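>>> Whatever this is, show me its structure:
(chains A, B, C, D, E, F, G and H)
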There are 8 protein chains.
Amino acid sequence: MSKPYKRLDKNDAAVLLVDHQAGLLSLVRDIEPDRFKNNVLALGDLARYFKLPTILTTSFENGPNGPLVPELKQMFPEAPYIARPGNINAWDNEEFVAAVKATGKKQLIIAGVVTEVCVTFPALSAIEEGFDVFVVTDASGTFNEVTRHAAWDRMSQAGAQLMTWFGAACELHRDWRNDIEGLAALLSRHIPDYRNLITSFDALTAQK
Amino acid sequence: MSKPYKRLDKNDAAVLLVDHQAGLLSLVRDIEPDRFKNNVLALGDLARYFKLPTILTTSFENGPNGPLVPELKQMFPEAPYIARPGNINAWDNEEFVAAVKATGKKQLIIAGVVTEVCVTFPALSAIEEGFDVFVVTDASGTFNEVTRHAAWDRMSQAGAQLMTWFGAACELHRDWRNDIEGLAALLSRHIPDYRNLITSFDALTAQK
Amino acid sequence: MSKPYKRLDKNDAAVLLVDHQAGLLSLVRDIEPDRFKNNVLALGDLARYFKLPTILTTSFENGPNGPLVPELKQMFPEAPYIARPGNINAWDNEEFVAAVKATGKKQLIIAGVVTEVCVTFPALSAIEEGFDVFVVTDASGTFNEVTRHAAWDRMSQAGAQLMTWFGAACELHRDWRNDIEGLAALLSRHIPDYRNLITSFDALTAQK
Amino acid sequence: MSKPYKRLDKNDAAVLLVDHQAGLLSLVRDIEPDRFKNNVLALGDLARYFKLPTILTTSFENGPNGPLVPELKQMFPEAPYIARPGNINAWDNEEFVAAVKATGKKQLIIAGVVTEVCVTFPALSAIEEGFDVFVVTDASGTFNEVTRHAAWDRMSQAGAQLMTWFGAACELHRDWRNDIEGLAALLSRHIPDYRNLITSFDALTAQK
Amino acid sequence: MSKPYKRLDKNDAAVLLVDHQAGLLSLVRDIEPDRFKNNVLALGDLARYFKLPTILTTSFENGPNGPLVPELKQMFPEAPYIARPGNINAWDNEEFVAAVKATGKKQLIIAGVVTEVCVTFPALSAIEEGFDVFVVTDASGTFNEVTRHAAWDRMSQAGAQLMTWFGAACELHRDWRNDIEGLAALLSRHIPDYRNLITSFDALTAQK
Amino acid sequence: MSKPYKRLDKNDAAVLLVDHQAGLLSLVRDIEPDRFKNNVLALGDLARYFKLPTILTTSFENGPNGPLVPELKQMFPEAPYIARPGNINAWDNEEFVAAVKATGKKQLIIAGVVTEVCVTFPALSAIEEGFDVFVVTDASGTFNEVTRHAAWDRMSQAGAQLMTWFGAACELHRDWRNDIEGLAALLSRHIPDYRNLITSFDALTAQK
Amino acid sequence: MSKPYKRLDKNDAAVLLVDHQAGLLSLVRDIEPDRFKNNVLALGDLARYFKLPTILTTSFENGPNGPLVPELKQMFPEAPYIARPGNINAWDNEEFVAAVKATGKKQLIIAGVVTEVCVTFPALSAIEEGFDVFVVTDASGTFNEVTRHAAWDRMSQAGAQLMTWFGAACELHRDWRNDIEGLAALLSRHIPDYRNLITSFDALTAQK
Amino acid sequence: MSKPYKRLDKNDAAVLLVDHQAGLLSLVRDIEPDRFKNNVLALGDLARYFKLPTILTTSFENGPNGPLVPELKQMFPEAPYIARPGNINAWDNEEFVAAVKATGKKQLIIAGVVTEVCVTFPALSAIEEGFDVFVVTDASGTFNEVTRHAAWDRMSQAGAQLMTWFGAACELHRDWRNDIEGLAALLSRHIPDYRNLITSFDALTAQK
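Model (predicted):
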């Protein structure tokens, strides 16, 4: 009954950030806004830290959905940025799929707003094409817990792996010795409890 | 490990609304009533918008279960309407199954009250007969979260896909360019946060 | 230890709707949006039903706060409408206070967004000037339960009475015999459970 | 800073059961229905056990509000029963007030549906007339926690004492020695955890 | 992708009630006690109504676990009653398994306390032996939601179907016409909201 | 508008532990059992640490209510122990009141099971006699949040101060310098998060 | 029954930040850490924006409680900083009280960790000395909701006004015209939903 | 459709305790700390009671993560203790895997902090190598419910069995008669409700 462990590999993973737009974010009510903002920025920070190819996409930026949140735009000035003219499922957009395939990666880390549409649809499409899909659940938001649970069930049944940004960071990093300072700084920027541990630790060791 | 993505297709889908009756609605306590009413009407609105064949059915209208909620009746004046004489599982009613099969569709979008009976039973029967079943979880209600979770687990294990009315609308529409005005109007009628985005957007663009 | 019962009197009450603006509504997270929208419209409906003088006010309509929700504007085409140029507390705006005093009423029914600012500030100011203040808690929204509870405590300690739109409707109406049809219609439009009772009742009595 | 303790006295208390009607109960969503039904019946049981004069009243029994729940009617076949022709506040009904005053009691134990109307209105009226009011909070129900908290705040500020049926039973009984068997039987009928204690105890003592 | 629908059949089902003992019930904290008591009695009532062979079993009745709740004992005076001398998994007790097999049924409806032990263990054992297992989730209780979710996952993965007493009743009954009065009475005894519907309905039809 | 701050004074305070009995504890469902047990033992620990006169009382130890929890009995082998023969309100028991008055203290720290009876009744009686009452809310338990909130409101309106065991410990201690080791040990035994801070701190300072 | 409205005045208010230390923050569990961190920094930001005299104080920085969170230290490099040698109630520390009085302000805005000790104790002491106390509830944290509610009740009964950082900012600012840019920037830094409104607004107006 | 029941066998199981460190515990917010501490110690107690080979491992003890909680260290003075120099997934550490394999057991009982990393990673690795993995969910903690549910889904999909310490204890013990006293003592130390049952039982039987 052994089952292979498909784990994230920083050399084979790309990040897809789907529709984190200023207007759409007002629809997200299954995660409190301070926490959600932090999770999304943490995922962006993670993608940069591990130098993962990252693709940004939006839907109707000039309409009520609003522009991509500026912090993400600033984090990835060079990233492929596909402003979809109308496709709801990003994977229905040829330019987007081309960008994904151009990365040459087989593992896709996906997050977006809202979970049951902007995340689930491309996740199911990518699985169909043979990619390994890792959903960053806590950087993906939706209307309420009912819609979240339904979306998770659909993706899980299809074979997507449900992750969180912290789990993804740890699975990508593998070993603290690869860069202790760097990972600690990443965690400290986005986990207040962890930052407090470091603050206390540093204060104490400085006293010595 | 690729898995085919069975997605809703507006040319191959029918909607089954099971037992949304005025009396039975008093049993629904896993979703707050203002939200639940909105979700049910949104699903009806969606069915009309996409011109999906829709079938209404009720159980014992003249008894304590009460009549179908009037808004649904008005939305679908021409729809097959099967007032079941006693079958609890709508699929045990030949007239109902005949109506379903008469649509010629292979995808069934099901919602009803209560989830673990009026939705789950016909969902499992339809799967057994080879239909693809999509449950609209948020237009289906039941007594509490325990009964909901048990029902979801049973349907998910059998292969039903758990959706929401919003996810279904987006999956059916595929591309905003098919009808921007129409979809926006549908969403605006049933998602207050989305309506607010449009209100603000329209006010600002009108100022120009 | 008897204490006088200050009850709402439809001949001595005015309604103040403060800052129910499309943008600000995205800040409201202590009440689910379907329910909140319904509560606000119910309060407007109530004000019209009882022909209570009603005053609308907004803050910075042309900025990010967005315009007043259109339904309220349409409900009260003749109402005083004070688009405040900058005062956060509506009571700091002379035009607003003049409009309130022009009603000649001593009982003020207040609701708004967000509770701890747009409702609490004018409520405390009005109490200071000797008005009787009735807060419609469920047509007032804010960030979360902590902010709501803090705001309620501050208003309650100052002598405001915490009400809901349904409680206010009942206290204003006093006796069903004043207009059975009218009140039932008002309740039916905004309480799904009540509407269901009426639907079942009407169906049964029609059968006779 | 001492403050007199106004405690329930079985020789000076009457019970008012306001609008526990089959239709209105479908509006109660702040207490789960199995628990609420038990609480209401427990309060009725308590009133009979302590032989407290009890007054039943309803509003529009023949309309959608529905009849008084049959169990209460059966518990109090001789009690004054005022089917109010239209007064929302029971205290606005002269017959009801006359029945209350005819009891000769100064302490009123009130419960009803819904809390912010059917309980709060007569509670505030009774306080105004100098009665001591004890609200049985858990045998009173309403739409949600927001409406409950607002109602409680209004009654508490006016001087009502917020109780529960169990607290009322204990305060009325004062001393187990007055009737150990009787009180234990009352509690056992309505508190499953207590019944279990007694079941285990009896089994063990029977073994001796 | 069709999948057979294994549905409850009143001619092929037996009920196993495992360790609903007065002491153990104090461990149940994932369902509120009034509701849990009602669910357990509803399941017993259902078993009697459908004349399903029912087996009672307990663990250490004479110790702290306490006796079987008396209502169950009274409901099934003739049922096999296996007071296990020590086996935690009832299926490890030969007498219990013999009683199950003596029923000649292939469908087992199981409920008990606590879910992750007294229900899960025999459920997994019975599945291993080829029985179809239906867990009555809401008549099974445990310490908290974490323990419940873990137990459900384990049973669901093994192929058990998660039901509720109401879902089981409906699936067993199939058609109201088999006995309208009987099923309505069963539901009315255990679902306050349904009883209210019937009360209102009967009152109205009596008026005719 | 200044108001005197009545603060706990270790030279003027006594502790009353009311009905923490093994049977009654099964009724406590508003605080999770691991936490509640810890809170009760923490309060006992605190009483010993500050050498506060402590009085134990129980109701019907030999019946279903069960014996005092053994840990409390062991903590206070010399304390007055009043096994009340029947009085529900401990203050109705002359022996208990005599024991309280014999302490010569004017500040009473009260905790017990259940909150709305065993705590509230003696609290209101003690206030009436001029004592300052401090309720240790988190070492007092009851059926659910509704019963807790009603009890808190009644005590607060009467002038009781709502505390917690940690707040009481800090108010009694006043200054860490009175005994750093002792207070840290007390907190460490009952606050896992605090213990963890100390563990990490000690480990780090030991490394120096 | 009019009651004066004591409102925050930026010319008469000082801010007291009590014990926001890296170790103690691990005790805060009534507000989620991302939100709590944001609230505390927002309060600091507010204090600087309105140029309110601010006083920092800590308890045992060199022990397990840990150092003040570095952000606060950096925000207020010139502020009085009282590292208390042992007083639990900051008001028991003469240096702290002297610093408060040296501000010459009569309104004290207090926040800290944990609410029932580090906030409540100095709040009650300051009220006793005639100060007007405004508690910033959402920048104050504690163990759980029970401890928070108990602390709020105690402070509210003593006359403290329960605020939030956003309410305080609005009450201090009075009129947007005093500085539209500044206030918008403050809110935008700490309210993600508000930032999104501004982002969308700016994008749209830039398009013109 | 029968499926083999892989049940815990005390002769074939080992326990892996991963990263229960004083610092990391401050990150655990999905289980309340009193309960979590109890669950972790219960699991340790269980491991000793059943004499299961137990392996301790930590990550960066000398940094902010802090030392292993001392109670665990004291419980297992002889256990293999692998202080990993940097591997985040314990299974990436050869010494750890060697220690696991040295036990000769095929069933691995795993718990740790945080769930989605320190538990999930080695669980998935061990499954890949053919071990049977049993996760003790309630002795494993993480940031919040979203992260917990995502982690559970990932492990469940891979074939891990989700257990709790109590379920594991019962499955390992099989039959009370193996050691009634011992198991009762284990449960009594860690389940307050069970301890209360025993306390009451012992008191009653002692009276005989």
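>>> OK, contacts around the spatially closest residue to A:Pro4 that is not a sequence neighbour?
With sequence-adjacent residues excluded and distances taken as Cβ to Cβ, 6 or more residues apart in numbering or on different chains, A:Pro4 is closest to H:Glu128, at 5.7 Å. Every residue, glycine included, has its C-beta placed from N, CA and C. Listed by Cβ atoms under 8 Å, 6 or more residues apart in numbering or on different chains, the contact set of H:Glu128 reads A:Ser2, A:Lys3, A:Pro4, A:Tyr5.
>>> so how far is H:Gly159 from H:Glu128?
Distance, H:Glu128 to H:Gly159, by Cβ to Cβ, to the nearest Å: 10 Å.
>>> got it, and A:Ala160?
A:Ala160 is 17 Å from H:Gly159, by Cβ to Cβ.
>>> Which one of these two is surrounded by more residues?
A:Ala160 (28 against 17; other Cβ atoms under 10 Å in any protein chain shown).
>>> A:Phe143: what secondary structure?
The local conformation at A:Phe143, judged by DSSP: H, G, I helix; E, B strand; the rest coil, is coil.
>>> go on, the one 4 residues further on?
In terms of secondary structure, A:Thr147 is helix; the call rests on three-state DSSP.
>>> residues contacting it?
By Cβ under 8 Å, 6+ apart, A:Thr147 lies in contact with A:Asp30, A:Val114, A:Thr115, A:Glu116, B:Thr137, B:Asp138, B:Thr164, B:Phe166, B:Gly167.
>>> quick one: what helix or strand has the first one in it?
In this structure, A:Asp30 is located outside every helix and strand according to DSSP states H and E.
>>> thinking it is in contact with A:Asp138, fair?
No - A:Asp30 lies out of contact with A:Asp138 (Cβ atoms under 8 Å); the separation is 10.1 Å.
>>> Looking at these two now, which is surrounded by more residues?
Set A:Asp30 next to A:Asp138 and count neighbours by other Cβ under 10 Å: A:Asp138 wins out with 27 against 20.
>>> For the more buried one, give me the pLDDT.
pLDDT, A:Asp138: 98.
>>> So it lies in a helix, does it not?
Yes - membership of A:Asp138 in a helix is supported by three-state DSSP.
>>> so it sits right up against A:Val40, yeah?
No - the pair A:Asp138 and A:Val40 fails to qualify as a contact (Cβ under 8 Å) at a distance of 9.0 Å.
>>> Domains in chain A, by residue range?
Here the domain assignment for chain A is A:13-174, A:177-208, based on automatic domain parsing.
>>> close to chain H, is the last one?
Yes - part of domain A:177-208 sits near chain H under the criterion Cβ under 8 Å from any Cβ of the partner chain, namely A:Arg177, A:Asn178, A:Ile180, A:Ala184, A:Ile191, A:Asp193, A:Tyr194, A:Asn196, A:Leu197, A:Ile198, A:Ser200, A:Phe201.
>>> So what's the gap between that domain and the chain middle?
Domain A:177-208 sits 23 Å away from the centroid of its parent chain (Cα atoms, centre = their mean, to the nearest Å).
>>> now swap in the first one and tell me
Taking Cα atoms, centre = their mean, one finds the center of domain A:13-174 at 5 Å from the center of the full chain.
>>> Now the weakest link among the domains of chain A, please, by mean pLDDT.
Lowest mean pLDDT of the domains of chain A: domain A:177-208, a mean of 94.
>>> tell me the strands in chain A, going along the chain?
A:13-18, A:54-59, A:81-84, A:107-112, A:132-136, A:161-163 (DSSP state E).
>>> will you turn the ones you listed into a markdown table that also has mean neighbour count and distance to C:Arg148?
Shown next, in a markdown table, are those (neighbours: other Cβ atoms under 10 Å in any protein chain shown; distance: least, Cβ to Cβ, whole Å):
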| stretch | mean neighbour count | distance to C:Arg148 |
| --- | --- | --- |
| strand A:13-18 | 26 | 33 |
| strand A:54-59 | 24 | 34 |
| strand A:81-84 | 19 | 39 |
| strand A:107-112 | 26 | 31 |
| strand A:132-136 | 25 | 31 |
| strand A:161-163 | 26 | 33 |
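>>> export those strands to JSON lines and tack on distance to H:Lys73?
Output for these, formatted as JSON lines (distance: least, Cβ to Cβ, whole Å):
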{"stretch": "strand A:13-18", "distance to H:Lys73": "37"}
{"stretch": "strand A:54-59", "distance to H:Lys73": "43"}
{"stretch": "strand A:81-84", "distance to H:Lys73": "52"}
{"stretch": "strand A:107-112", "distance to H:Lys73": "37"}
{"stretch": "strand A:132-136", "distance to H:Lys73": "35"}
{"stretch": "strand A:161-163", "distance to H:Lys73": "32"}
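>>> Which one, of those strands, ends up nearest to chain G?
Among the strands of chain A, strand A:54-59 comes nearest to chain G, with 11.5 Å by Cβ to the nearest Cβ.
>>> just to revisit the earlier point, so what sits against both of H:Glu128 and H:Gly159?
Joint contacts of H:Glu128 and H:Gly159 (Cβ under 8 Å, 6+ apart) are A:Lys3.
>>> out of the domains of chain A, deepest packed?
domain A:13-174 (a mean of 22; mean count of other Cβ atoms under 10 Å in any protein chain shown).
>>> Residue numbers of chain A in contact with chain B?
Residues of chain A lying near chain B (Cβ under 8 Å from any Cβ): A:23, A:26-27, A:59-60, A:63-66, A:85-89, A:92, A:114, A:116-117, A:120-121, A:124-125, A:127-130, A:132, A:143, A:146-147, A:149-151, A:153-154, A:157-159.
>>> Looking at the residues you listed, which are in helices?
Residues of the residues of chain A next to chain B located in helices (DSSP state H): A:120-121, A:124-125, A:127-128, A:146-147, A:149-151, A:153-154, A:157-158.
>>> Just flag the most distant two among those.
The distance between the two most remote of these (Cβ to Cβ) is 25.7 Å, for A:Glu128 and A:Val146.
>>> At the contact with chain F, which residues of chain A appear?
Residues of chain A lying near chain F by Cβ under 8 Å from any Cβ: A:Leu197, A:Ser200, A:Phe201, A:Leu204, A:Thr205, A:Lys208.
>>> Spit out the contact partners of the nearest residue to A:Ile88 once chain neighbours are set aside.
Excluding the flanking residues, the one nearest A:Ile88 by Cβ to Cβ, 6+ apart is B:Cys170, at 4.9 Å. By Cβ under 8 Å, 6+ apart, the residues touching B:Cys170 are A:Ile88, A:Val117, A:Phe121.
>>> From the residues you listed, pick the one nearest D:Ile55.
A:Val117 (56.1 Å).
>>> so who does that closest one touch?
A:Val117 makes contacts with A:Ile88, A:Asn89, B:Phe166, B:Gly167, B:Cys170, B:Glu171, as judged by Cβ under 8 Å, 6+ apart.
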